[in-house]
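1. make a model of this:
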Amino acid sequence: MSKIGIIGAGAWGTALATAVVRAGSDVVIQAHEAEVADAINKSHENEMYLRGITLDPAIRATTKLADAVASDAVLLAAPAQHMRRVCEDAKPHWPAGVPAIICAKGVEQNSCALMSEVVAETMPRVPIAVLSGPTFAAEVAEDKPTAVTLACADEMIAKVMMETLSSPHFRIYRSDDVIGAQIGGAVKNVLAIACGIVEGRRLGDNIRATIITRGLAEIIRIGLAKGARQETLSGLSGLGDLTLTCNAMQSRNFSLGVALGEGRKLDDVLAERNSVAEGVYTASSITDLARRLDVEAPICTAVDGVINHFADIDATIAGLLARPLKEETA
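-> Presented below is the predicted three-dimensional model:
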């Protein structure tokens, strides 16, 4: 594949553009804001979302979906809650047979649909793959070593995309577990907020390790109920992404949780940011999905309570610690 389109010029979409160019393909990235496209084309920097990183002049930006879609493959890096609208707008321009590589991490609110389900509903004839794993956008843009999972039910498309996107510092592992590759990436954002809250409350490293471990159990329960494989949830797109996101201020979800733990209000924190912390929106949808699947997810439910239902943080933490004692495997 010689030309790759990217829809979404946030930090992650821009970082993916740098990875595509390094791998040897031409890239066109579609930005929602005209000023972002202009900055990428003229100053070779995404000043709004990835400030301070010089971009390869070969990266071309546009505001037109049709320009990005006219490619051999398209990476969908728009925020999860905007994915349905983006796909509906892109559908009239989408060439037959061109695969959609989902790079957003989240679960749609109200419908509880995974991004692959959103794409399949809006563009039913488009081949689907998922690219996910432990990635900070800035580190990918700076060409620091990174490994990710590419999940696709079509083995040939998966192999071609691996060859197209891989470079010396961007390593791709292949999977056919499209569901599993999405569950880990979505739920870990919610768990990162929980870890940030305990960090902001200065409750120590012990409890953060507990949240990561018991949070992984929630990922596995939800994933298995949805049809994922446990080895995927224990891999790069599951445990790997969870570990990264729950331990660094680079994580938008972790840093947001820290601010909440320090006593700041959610609306004030969000007002200061131009980037999306997907966990804020996924908290309600993943909790709803767990209920529909009849799966217990107490940490995700607790985060949803704090973010969406004005639950007191200290009372919520006390409630989690007071849950009935049971076997660790449960």
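2. what residues are up against the spatially most central residue of the chain?
-> Centrality entry for the chain: nearest residue to the mean C-alpha point is residue 105, 2.6 Å, by Cα atoms, centre = their mean. Residues in contact with residue 105 (Cβ atoms under 8 Å, 6 or more residues apart in numbering) are 80, 115, 132, 182, 185, 186, 188, 189, 241, 278. The way it works is simple: take the backbone N, C-alpha and C, and place the C-beta from them, glycine included.
3. next one: residue 69
-> 5, 7, 90, 93, 94, 95, 98.
4. so how far is residue 135 from it?
-> As judged by Cβ to Cβ, to the nearest Å, residue 69 and residue 135 stand 24 Å apart.
5. can you check residue 152 too?
-> For residue 152, the distance to residue 135 - Cβ to Cβ - is 18 Å.
6. thinking again about what came up before, what is the nearest of the contacts of residue 105 to residue 257?
-> Lowest distance from residue 257 to these (Cβ to Cβ) belongs to residue 189, with 10.1 Å.
7. the closest residue to the closest one other than its chain neighbours: neighbour count?
-> Closest residue in space to residue 189, ignoring its immediate chain neighbours: residue 279 at 3.3 Å, by Cβ to Cβ, 6 or more residues apart in numbering. Neighbours of residue 279 under the rule other Cβ atoms under 10 Å: 30.
8. does residue 279 belong to a helix, a strand or coil?
-> helix (DSSP: H, G, I helix; E, B strand; the rest coil).
9. pull the contacting residues for it.
-> So residue 279 contacts 189, 190, 191, 192, 193, 253, 256, 303 (Cβ under 8 Å, 6+ apart).
10. the last one reaches residue 283, doesn't it?
-> Just to be clear, that refers to residue 303. Yes: applying Cβ atoms under 8 Å, one finds residue 303 in contact with residue 283, separated by 4.8 Å.
11. more neighbours, the two?
-> Taking neighbours as other Cβ under 10 Å, residue 303 and residue 283 compare with residue 303 leading, 33 against 28.
12. can you pull the pLDDT of the more buried one?
-> We have a pLDDT of 98 for residue 303.
13. mind jotting down where the strands sit in this protein?
-> Remark: strands assigned in the chain by DSSP state E are 3-7, 26-30, 60-62, 73-76, 100-102, 128-132, 146-152, 170-175.
14. between strand 3-7 and the second one, find me the angle.
-> Computed by axes from the mean of the first three to the mean of the last three Cα atoms, to 10 degrees, the angle separating strand 26-30 from strand 3-7 equals 20 degrees.
15. pull the CA atoms of strand 26-30 into CSV?
-> The C-alpha trace of strand 26-30 is given here as CSV (Å, rounded to 0.1, in the frame of the first residue of the first chain):
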residue,chain,number,x,y,z
ASP,A,26,2.5,8.6,1.5
VAL,A,27,0.0,10.0,4.1
VAL,A,28,-2.9,12.4,4.0
ILE,A,29,-4.3,13.4,7.4
GLN,A,30,-7.8,14.9,7.7
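16. can you point out the buried residues in stretch 300-313?
-> Neighbour-count burial for stretch 300-313 flags 300, 301, 302, 303, 304, 305, 306, 307, 311, 313 (criterion: 16 or more other Cβ atoms under 10 Å).
17. ok, the fourth one to residue 223 distance?
-> Looking back up the chat, that one is residue 303. Taken as Cβ to Cβ, the span from residue 303 to residue 223 is 18 Å.
18. nearest to residue 260 among the contacts of residue 105?
-> For the contacts of residue 105, the nearest to residue 260 is residue 189 (14.0 Å; Cβ to Cβ).
19. thought that closest one was touching residue 242?
-> No: applying Cβ under 8 Å as the test, residue 189 and residue 242 come out as separate, 9.5 Å apart.
20. these two: which is more packed in?
-> Higher neighbour count among residue 189 and residue 242: residue 189, with 30 against 26, using other Cβ under 10 Å.
21. which residues sit in contact with that one?
-> 105, 106, 245, 253, 277, 278, 279, 282.
22. farthest-apart pair in the residues you listed, please.
-> 106 and 245 (13.0 Å).
23. any idea how far residue 315 is from residue 309?
-> Taking Cβ to Cβ, one finds residue 315 at 12 Å from residue 309.
24. helices along the stretch 1-150 of the chain, start to end?
-> 11-23, 34-42, 65-69, 83-90, 115-122, 137-141 (DSSP state H, counting those that start in this stretch).
25. please identify the most buried of those helices.
-> helix 11-23 (a mean of 25; mean count of other Cβ atoms under 10 Å).
26. neighbouring contacts of that helix?
-> So helix 11-23 is in contact with 4, 6-7, 9, 27, 29, 40, 46, 49-50, 55-56, 58-59, 75, 77-78, 103, 135, 137-138, 140-141, 143, 164-167, 169-170, 275, going by Cβ under 8 Å, 6+ apart.
27. just the buried ones from those residues?
-> Neighbour counting with 16+ other Cβ under 10 Å marks 4, 6-7, 9, 27, 29, 40, 46, 49-50, 55, 59, 75, 77-78, 103, 135, 137-138, 140-141, 164-167, 170 as buried within the contacts of helix 11-23.
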